[in-house]
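J.: sequence first, predicted model second:
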Amino acid sequence: MMAGTSPTAGAAAGYRPAATLPFGAEFRRQASRRRTQLALGFMVLLPLIILISFQFDTGDDDNGRGEFGSLVEFATSGGLNFTLFTIFVSASFLMVVVVALFCGDTVASEASWGSLRYLLAVPVPRARLLTVKLLVALVYSALALLLLAGTALLIGTLRYGWEPLRSTVAAQLEPGEGLLRLLGVLGYLAVVLLVVAGLAFLLSVVTDAALGAVGGAVLLWILSSILDQITALGALRAFLPTHYSTAWLGLLSTPVQTDDVVRGAISAISYATLFWGLAFWRFTRKDITS
């Protein structure tokens with residue numbers, strides 16, 4: 001190669017692929033979108049709705065028993081318990097939808113608007129475009145979870161006090177240890193939701209319809225949850241991505257049960273890696289016409 005020649009064949013002088021589509025620029029662009037603002041706003045609003053609804057509880061309603069009933073009973077006994085209740089009622093559906101929204105809309109929406117080909121014409125390398133969009137989507141997904149739990153902890157503590165964490169599967173935990181357990185629960189849920197992120201991202205690359213990518217990921221997650229309830233499947237259920245989705249309850253027990261947590265983390269990371277790998281493989285080889 002002659003001196004002064006660009007290291008990228010056929011590229012203009014000074015062109016650096018790694019400098020295209022900066023993370024900060026994409027982060028700010030996604031922050032300006034209405035769906036991002038509404039999704040994050042709702043994560044703040046939900047704990048407030050739950051708190052207000054508790055103020056109308058007269059104590060005469062006989063709630064269902066079992067795990068859900070026990071969480072309702074303890075929800076008003078402290079900020080940590082209120083946060084645990086909020087996480088419990090949000091984990092199986094709301095968190096799934098929000099993560100699917102951020103990861104499933106990111107590429108498909110560009111294609112539906114007809115702006116994807118213009119981004120690639122900048123030119124932004126395809127692998128870099130996918131990497132930046134995936135990282136931004138994951139950051140917003142994590143931010144949504146933190147906003148939900150953080151808001152619940154703040155308003156719950158202000159309303160019900162800084163009390164020990166209580167549950168039916170563990171001895172009473174002091175506030176400091178209880179907070180660490182809740183952080184562990186939130187971290188595990190974040191890892192489990194990587195499956196949703198990977199599936200939604202793959203569908204976002206395959207289709208030009210953002211709603212199809214988001215809805216497809218949510219529906220497949222629900223289908224996996226339904227199949228996991230069919231005991232006739234036996235050991236095959238362990239291979240379903242939702243099989244260990246509730247293993248976080250073991251982090252609240254005394255002593256802590258981590259066997260299923262480890263299995264669930266390995267399963268989630270494996271599925272997410274597979275889906276992301278397929279997304280990159282497909283996107284780097286497809287014709288972009290929109």
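T.: Great, that's in hand.
J.: hang on, residue 27 packs against residue 136?
T.: Yes - Residue 27 lies in contact with residue 136 (CB atoms under 8 Å); the separation is 5.3 Å. Placement of C-beta: from N, CA and C, glycine included.
J.: between these two, which one's more packed in?
T.: Shown here are residue 27 and residue 136; by other CB atoms under 10 Å, residue 136 has more neighbours (24 against 15).
J.: wait, a helix at the more buried one?
T.: Yes - if the criterion is DSSP: H, G, I helix; E, B strand; the rest coil, then residue 136 is within a helix.
J.: wait, what's in contact with it?
T.: Taking CB atoms under 8 Å, 6 or more residues apart in numbering, we find residue 136 in contact with 23, 26, 27, 30, 106.
J.: ok, it to residue 151 distance?
T.: As for residue 136, its distance to residue 151 is 22 Å (criterion: CB to CB, to the nearest Å).
J.: which helix or strand in the protein has the lowest average pLDDT?
T.: Ranking every helix and strand in the chain by mean pLDDT, DSSP states H and E puts helix 66-74 at the bottom, with a mean of 59.
J.: C-terminal to that one, what's the next element?
T.: Next helix or strand after helix 66-74 toward the C-terminus (DSSP states H and E): helix 79-91.
J.: need the contact partners of that following helix.
T.: 46-47, 50-51, 68, 71-72, 74-76, 148-149, 152-167, 175, 178-179, 182, 185-186, 189, 245-246, 248, 252.
J.: which of the residues you listed fall within strands?
T.: 165, 166, 167 (DSSP state E).
J.: which one of these sits closest to residue 223?
T.: Of all the ones in strands among the contacts of helix 79-91, residue 167 has the smallest distance to residue 223: 29.8 Å, by CB to CB.
J.: what about the closest residue to the closest one other than its chain neighbours, how many residues nearby?
T.: Leaving aside its chain neighbours, residue 167 sits nearest to residue 252 (5.1 Å; criterion: CB to CB, 6 or more residues apart in numbering). The number of residues packed near residue 252 is 21, by other CB under 10 Å.
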